[in-house]
Each structure stands twice: as C-alpha cells, then as structure tokens.
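> Quick one: sequence plus predicted model below, questions after.
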Amino acid sequence: MNNPDPRQQTDFHYRLHATDGAARLGEVVTPRGVVRTPAFMPVGTAGTVKGMYPEQVRDLGADILLGNTYHLMLRPGAERVARLGGLHELMRWPHPILTDSGGFQVMSLAGLRKMSEKGVTFRSHIDGAYHELTPERSIEIQGLLGADIQMQLDECVRLPASRDEINRALQLSLRWAERSKRAFEAQPKGRALFGIVQGGDDAELRTQSARGLIDIDFPGYSIGGLAVGEPQAVMLAMLEVVTPILPKDKPRYLMGVGTPDDIIESVARGVDMFDCVMPTRAGRHAQAFTRFGKINLKNARHADDPRPLDAESDCPAARDYSRAYLHHLVRCEEMLGSMLLTWVNLAYYQSLMAGIRAAIAQGRFEAFKAEVKEGWARGDI
Ligand SMILES: CNc1nc2c(CC[C@H]3O[C@@H](OC)[C@H](OC)[C@@H]3O)c3nc(N)[nH]c(=O)c3cc2[nH]1
C-alpha cells in the first residue's frame, strides 16, 4: 500500500469488514462520525433534505448527508455559511456531510457558461450574476461549508459523447484533480478529498482516468460521468471496469445513483456509497418507493383504499396513513403529501441499505438481491 498520509489515517479512513462476491461491507470513519457502508446519502442540496427535519433523517438511519456547492455558493453564500458556524451548525446536522464540487450543477443548471483550463465561469440561474468556479475556489467553498468529504472540481460529460470529447474532459479533470488536491492541503486535518473517475462509456478511458487518479492518490474515489442518460447496462459495465482497479482499502462513491435496482446492482459490483435525489424528488411527485415497487398515489385507484402503503414498515408514514388519505393529499397538493411520501421513500431506501449490509455480513447477498427483486416484480397487490 502506498505510504498513507498520516493526517488521513488518524481522522479519515475506510475499514473493510466483509465481502460477499464483489459486494463490500465496511465503514467510512470521519471526525464527525462513522458511515456504515454500503451507504445511501440523502441529498440536502440547499442545506436541507426537502420536507424533512434533520432528526427525522437521522432516525431513518442516514449517517451522512450531501450538500451542494453550486447552490450554497449562490445562496446563502459560502462566506456567510462560514460566518454562521458552517453548514453542520446552520442546518443542525452534527454528523458527516459530503459536498459535491459544483461542476455537475454548473453544466446542468447554470445559463451562460464558459469552460477554460482555469475553471468555469457561469451566470447564476437565480439572479444572472457571473461567478467563477475553479478547482481552488471549489475547494475553498467546500472548506468554508466545513464538509467532511469533499469532491475535486471535474467536468462531467453527458452521454452519448464522442471519444475525443470524453478524453478531453477526462484529461482536464485529471489536471483539476491535481489542483484540487494542492488547494485542499490548506484545510484542517480530518477531512477527505475524493478524486472523481471520468471516462464516459469507454473502458480504456475509464481505466486511464482511474489509474491517473490513483497516481495522484486520494483517500476515496468517486465514480462520476454516469447516471447521465446512459442505459443501466452501460453504467454497470463501467463499474466492472473501474472498481477492480480502485484500491480495496478506500471507499468508492457512485455519484447520483440511483433507483433501488441501480443501487443493489452497483453494490454487487463493489460500490460503497450512493446519493440520489430520486427518493426525495419522487416523494414530491406522489411516487412511493415500497417493498412492492413504486406506487403512484395520484392514481384514482387509491381514492377509497383504507390500507397503508406497508403495514409492516417501521416508518409511521408508510404504516399508519391510508392510501386514500395520501391520494387525497397529493390531489389537493397539500404539503403534508410531499412530506409523508418523502419520509416513506427515505425510510425505504435506508431499510434497503440496512438489508444489504446485513445480507453481506451473513454472506447471503445474492439471495437477498433475488428476494428484493421478487418483491418489486410482485408489484403492489
Ligand atoms: C444524477 N446523476 C448524476 N449526478 C452526478 C453528479 C452530482 C452528484 C450529486 O450531487 C447532487 O447535488 C449535490 C446531485 O443532485 C442533483 C447529485 O445527486 C456528479 N458530480 C460530479 N462532480 N461529477 C460527476 O461526474 C457527476 C455525475 C453525476 N451523475
């Protein structure tokens, strides 16, 4: 193993507890607490997991949340968050926080933007003001927010894309990885910076990106450039290329993924950490994730159904409220509808992760995967 940075080893490190095939059971240890992996990280884009109290998110079993550099740098501003004690203090979440570097949202949300070797300038989607995001500024912002796990600034290419385009973005991202790591040296010990593997849907470029990042050496590795419109089979094929190359003693975080099926198939290919807006966003669009698959509460078939979504769930929102009531709330666009279904969905995702972790510990991951898929296929009776 290459000579570990002593600063990282005392405060931030990954412990592998068990494997079952390529599935891994472990823990990411940070100064603010331990993250049990495989882990699902609820997205708290603007410093809140929409519709949820922080204590509620914690009670569901979330060990870590995701914050968003792009949104928070625009509003309320990174320097203001720092003056107010940092993001943990501001949002009353004393557990680990991971922040993305902002590159992804610049490409997906910002209006006018200009990419250069230096970084990306863009116009805020909120007030049209110009901002510059460089590797150095992204790291500075994440440091001001106080994130425990930070991301390098990278360029994520939407698929399909040409090999030249994918390669250009991959090489730029490697240079930005170096600059991000240098800028990160200035931060207090205990925090971790992850490199982000790019390379699109090209096995050779994925290998180049992973090897380039390992040469720079990070305490953890994100797998980026996926969940950007490619079929699940392509995403899984890229995982089969990348995870065997990444160090076994460091966490792998698959960015922006995904559906329950995406997650369980990615755990089977060696991924440790996930984040996705799916459970929270779907909750605001009347979709419930359950053991029986997805249920659309807008559908009139629920209007007289007195049953709860799942009488055996530990989550009161899934166990105690009738489908008829949930249907009524979403029909009337009552805020409680979004709140209850967000609660249902995050509870389901965390129970799925707990089931995955237990199955790996017992060496029965494949059986568990089959059981869960059978439940989704059975559908909502
Ligand atoms: C959804 N698919 C997807 N998301 C992605 C994100 C945002 C992750 C996560 O950050 C959240 O905001 C903080 C995003 O939420 C919209 C996303 O869940 C990515 N971020 C970076 N830096 N590089 C990538 O290659 C990348 C690829 C992604 N693919």
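Thanks, I have the structure now. Numbering: from 1, shown residues only.
> C-alpha from now on. contacts and neighbour counts both.
Noted.
> And stretch 125-140, end to end?
Across stretch 125-140, the terminal residues are separated by 21 Å (Cα to Cα, to the nearest Å).
> do it and the ligand meet at all?
No: against the ligand, stretch 125-140 shows no contacts by Cα under 6 Å from any ligand atom, the least distance being 10.6 Å.
> Please spell out which residues along that stretch are buried.
Neighbour-count burial for stretch 125-140, with 16 or more other Cα atoms under 10 Å as criterion, is recorded at 133-140.
> any idea how far residue 265 lies from residue 92?
For residue 265, the distance to residue 92 (Cα to Cα) stands at 33 Å.
> neighbour count winner among those two?
Taking other Cα atoms under 10 Å, residue 265 and residue 92 do not tie; residue 265 has more neighbours (17 against 14).
> Now that one. Nearest residue, chain neighbours left out?
residue 236 (7.5 Å; Cα to Cα, 6 or more residues apart in numbering).
> Can you name the helix or strand that that neighbour falls in?
Residue 236 belongs to helix 232-242 when assigned by DSSP states H and E.
> what stretches of the chain score poorly on pLDDT?
Along the chain, segments meeting pLDDT under 70 span 1-10, 110-111.
> Around the ligand, which positions in it sit nearby?
45, 66-68, 100-101, 103-104, 154, 156, 224-228, 255-256, 275-277.
> How many residues are close by residue 165?
By other Cα under 10 Å, 12 other residues sit near residue 165.
> who's in contact with it?
By Cα atoms under 8 Å, 6 or more residues apart in numbering, the contact list for residue 165 reads residue 157.
> taking the buried residues of stretch 125-140 one by one, which sit in helices?
With DSSP state H as the criterion, helices contain 135-140 from among the buried residues of stretch 125-140.
> The most centrally placed residue in the chain is in what secondary structure piece?
With distances taken as Cα atoms, centre = their mean, residue 275 lies nearest the centre of the chain, 1.9 Å away. Applying DSSP H and E as the criterion places residue 275 in strand 273-276.
> now residue 14
If you go by DSSP H and E, residue 14 is part of strand 13-20.
> Kindly report the same for residue 333.
Per DSSP H and E, there is no helix or strand for residue 333.
> ditto for residue 205
If you go by DSSP H and E, residue 205 is part of helix 203-216.
> For residue 156, list the residues it contacts.
Taking Cα under 8 Å, 6+ apart, we find residue 156 in contact with 103-104, 107, 169, 198, 224-225.
> Please name the nearest non-neighbouring residue to residue 319.
Leaving aside its sequence neighbours, residue 319 sits nearest to residue 311 (Cα to Cα, 6+ apart; 4.6 Å).
> Repeat that for residue 243.
Nearest residue to residue 243 in three dimensions, chain neighbours excluded: residue 270, at 6.0 Å (Cα to Cα, 6+ apart).
> re earlier: buried set for the next helix or strand after the strand holding residue 14?
As assigned by DSSP H and E, the chain's next helix or strand after strand 13-20 is strand 23-30. Buried residues in strand 23-30, counted by 16+ other Cα under 10 Å: 23-30.
> Can you tell me which helices and strands the helix or strand following strand 23-30 packs against?
Going down the chain from strand 23-30, the next helix or strand is strand 33-37, by DSSP H and E. When contacts are defined as 3 or more Cα pairs under 8 Å, 6 or more residues apart in numbering; DSSP states H and E, strand 33-37 packs onto strand 23-30.
> gap between the strand it packs on and the chain center?
Taking Cα atoms, centre = their mean, to the nearest Å, the mean C-alpha location of strand 23-30 is offset from the chain mean by 15 Å.
> Tell me which residues are up against it.
With contact meaning Cα under 8 Å, 6+ apart, strand 23-30 is reached by 11-19, 34-38, 96, 148, 190-191, 251, 267-272, 357, 360-361, 365.
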